[in-house]
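Student: just a sequence and a predicted model for now, questions to come.
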Amino acid sequence: MLLIRVQDANPITDANFLFAEFINHEADLEFKPNSLTIIATNPTLRFIATLYISKSFCQDFTINQTHIARVSLTSFIDAIMTAAATRFDTLAITLPSAYIMILTFETSTPSGRVPQSHPRALPMSPSLMVDFPKPILAKHFTIKAECFRRVLAELPLLQDLVSVTPTGSEVKFSNEFKEIILSQEAGECTIMGYEGCVDTQFKVVLNPRMFFLGLSSKTSTSIWFYRTMSAGSIMAVPTCRSYAMYYIHFPPI
């Protein structure tokens, strides 16, 4: 059995728009007993973007076994936009079969929840499970969202590759043309576990630049960076809602 009901559909809607515009018109939905993850990939991009929604974010959450399938984000967005005129209170997601997803938009009444529009059936297709490398939690740093936007605005677009070098006191973002240093003393970043470390540099590709600018607008706090066990890195962007977070997975470069 699979049932997910959320009162706040904004994180799902925002991710669908962001992923469809900049990454791919399709995405994988990974259903687990404790979470729902939207996974967007594109072979021309050097990262994988995900939105992780915890069970705790949902009003109802019943998933008995892990399942992953691909869905059209265009159809998902169209269903939400059509239902928006009904001023729905909750979005319910069910899977009556492995490759059919039903979206039901409901409103609350004294007698209970009432569907405000006809349920939308979205076809899904088979997909492969994605195995993401584990982060190294003992070493990480955070930077303020406005500082990340400064990095995006000031680093020239002439080169995709960005070197990131954390130390015990600062984080440097650089390419062949410019470097930007964020200081822990100035309150621009917070660094954990890099004291006395050498060879801490790693590389990321922050393009499409507008995707990362849009992503930074989804949070009012800080953006987290982790290294992974496979020598890659992860950027974590908490949304303005608890228990919903974007993760951008960068492979080793």
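Tutor: Looks like it arrived, so ask away.

Student: only C-alpha atoms for contact and neighbour calcs from this point on.
Tutor: Fine.

Student: correct me, but residue 8 touches residue 92?
Tutor: No - in this structure, residue 8 sits apart from residue 92 without contact. The criterion is C-alpha atoms under 8 Å, and the distance is 10.8 Å.

Student: settle it for me: which of those two has more neighbours?
Tutor: residue 92 (21 against 16; other C-alpha atoms under 10 Å).

Student: could you pull up the contacting residues of the more buried one?
Tutor: When contacts are counted by C-alpha atoms under 8 Å, 6 or more residues apart in numbering, residue 92 touches 3, 4, 5, 6, 102, 103, 104, 105, 106.

Student: do residue 152 as well
Tutor: Residues in contact with residue 152 (C-alpha under 8 Å, 6+ apart) are 206, 209, 212, 213.

Student: go again using 7 Å as the cut-off
Tutor: If a contact means C-alpha atoms under 7 Å, 6 or more residues apart in numbering, then residue 152 has residue 209 as its contacts.

Student: element containing it, please.
Tutor: Taking DSSP states H and E as the criterion, the element that holds residue 152 is helix 145-154.

Student: buried sites along that helix?
Tutor: Within helix 145-154, the residues that count as buried by 16 or more other C-alpha atoms under 10 Å are 145, 146, 147, 148, 149, 151, 152.

Student: separation between the residue lying closest to residue 246 once chain neighbours are set aside and residue 248?
Tutor: Across the structure, with C-alpha to C-alpha, 6 or more residues apart in numbering as the measure, the residue nearest residue 246 apart from its sequence neighbours is residue 51 (4.4 Å). When distance is defined by C-alpha to C-alpha, to the nearest Å, residue 51 is 9 Å away from residue 248.

Student: out of the two, which sits in the busier spot?
Tutor: For residue 51 and residue 248, the more surrounded residue by other C-alpha under 10 Å is residue 51, and the numbers stand at 26 against 20.

Student: what bridges to the more buried one?
Tutor: residue 38, residue 246 (DSSP bridges).

Student: what ranges does this protein have for its helices?
Tutor: For the chain, the helices defined by DSSP state H occupy 10-22, 73-84, 145-154, 209-216.

Student: hang on, the earlier thing: what residues are up against the residue nearest to residue 246?
Tutor: 15, 37, 38, 39, 245, 246, 247.

Student: next: residue 19.
Tutor: Listed by C-alpha under 7 Å, 6+ apart, the contact partners of residue 19 are residue 40.

Student: do that again at 10 Å, thanks
Tutor: Contacts were defined as C-alpha atoms under 10 Å, 6 or more residues apart in numbering; by that measure residue 19 touches 25-27, 38-41, 49-51, 73, 211, 215.

Student: between which two of those is the distance greatest?
Tutor: The widest separation within the contacts of residue 19, taken as C-alpha to C-alpha, falls between 26 and 215 and amounts to 18.2 Å.

Student: if we can go back for a sec, of the contacts of residue 51, closest to residue 224?
Tutor: Comparing every one of these with residue 224 (C-alpha to C-alpha), the shortest separation belongs to residue 247, at 9.4 Å.

Student: burial check on that closest one, number of neighbours?
Tutor: 19.

Student: let's have the chain start at 797 instead
Tutor: Yep, numbering from 797; the last one is residue 1043 now.

Student: for it, what are its contacts?
Tutor: With contact set as C-alpha under 10 Å, 6+ apart, residue 1043 has these partners: 833, 835, 844-848, 1020-1021, 1030-1034.

Student: hang on, the earlier thing: quickly list what's touching both of residue 847 and residue 1044.
Tutor: Contact with both residue 847 and residue 1044 is made by residues 835, 836, 1032, 1033, according to C-alpha under 10 Å, 6+ apart.

Student: make CSV out of the buried residues of helix 941-950 and add distance to residue 965 and pLDDT.
Tutor: As requested, the buried residues of helix 941-950 are arranged in CSV below (distance: C-alpha to C-alpha, whole Å; pLDDT from 0 to 100):
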residue, distance to residue 965, pLDDT
941, 18, 94
942, 19, 95
943, 16, 96
944, 17, 96
945, 20, 95
947, 18, 96
948, 21, 95
